[in-house]
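Generate a structure from the sequence data that follows.
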Amino acid sequence: MAYIEPLFRAWATRMGFHNKQVLVAGQKIGIKNTTTASLTYRGKRELTLTERLAMSAVRAGLQPWDPAYDDVLTAVSPAAPDATSE
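Okay, here's the model as predicted:
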């Protein structure tokens, strides 16, 4: 059976983090403590959808959203349909 690298470990490696920087990598996506970061890094804990989306955002170099930054985002990629419109 082939080895499948845990997603968080693969992402952290591609971001340039090494195994002594697991918590620092985790903090980039909202993981707050060493135990959770370590479990996730070893594949013993599944990532949430929010964490996986954060991994994509960090990898793409996105900044935290705010109304002023929305113009920058929509210039790069068209906005998703407004959830309030029909």
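
and the spatially most central residue of the chain, how far is that from residue 15?
With distances taken as CA atoms, centre = their mean, residue 55 lies nearest the centre of the chain, 1.5 Å away. Taken as CB to CB, to the nearest Å, the spacing of residue 55 relative to residue 15 amounts to 9 Å. Just so you know, the C-beta spots here come from the backbone N, C-alpha and C atoms, and that holds for glycine as well.

contacting residues around the longest helix seen in the chain?
Of all segments of type helix in the chain, defined using DSSP state H, the longest is helix 49-60. For helix 49-60, contacts defined as CB atoms under 8 Å, 6 or more residues apart in numbering pick out 7-8, 11, 14-15, 28-31, 40, 47.

run the last query once more with 7 Å
Helix 49-60 has contacts (CB atoms under 7 Å, 6 or more residues apart in numbering) with 11, 15, 28-30.

Report the mean confidence score over it.
Computed over helix 49-60, the mean pLDDT rounds to 96.

What residues sit buried inside it?
If you call a residue buried by 16 or more other CB atoms under 10 Å, then helix 49-60 has these buried ones: 51, 54-55.

Looking at these, spot the one nearest residue 20.
residue 55 (19.4 Å; CB to CB).

List phi and psi for residue 66.
phi -150, psi 170 (degrees, to the nearest 10).

Check it and give its pLDDT.
Reported pLDDT for residue 66: 92.

Which residues are in contact with it?
Taking CB under 7 Å, 6+ apart as the test, residue 66 contacts no residue whatsoever.

from now on call the first residue 15
Got it, first residue is 15 now, which makes that one residue 80.

if I look at it, how far off is residue 21?
Relative to residue 21, and taking CB to CB, residue 80 is found at 28 Å.

Over to residue 45?
Distance, residue 45 to residue 21, by CB to CB: 13 Å.

Who has more neighbours out of the two?
Applying other CB atoms under 10 Å to residue 45 and residue 21 shows that residue 45 carries more neighbours, namely 24 against 16.

The more buried one against residue 51, yeah?
Yes: counting by CB atoms under 7 Å, residue 51 is a contact partner of residue 45 at 4.9 Å.
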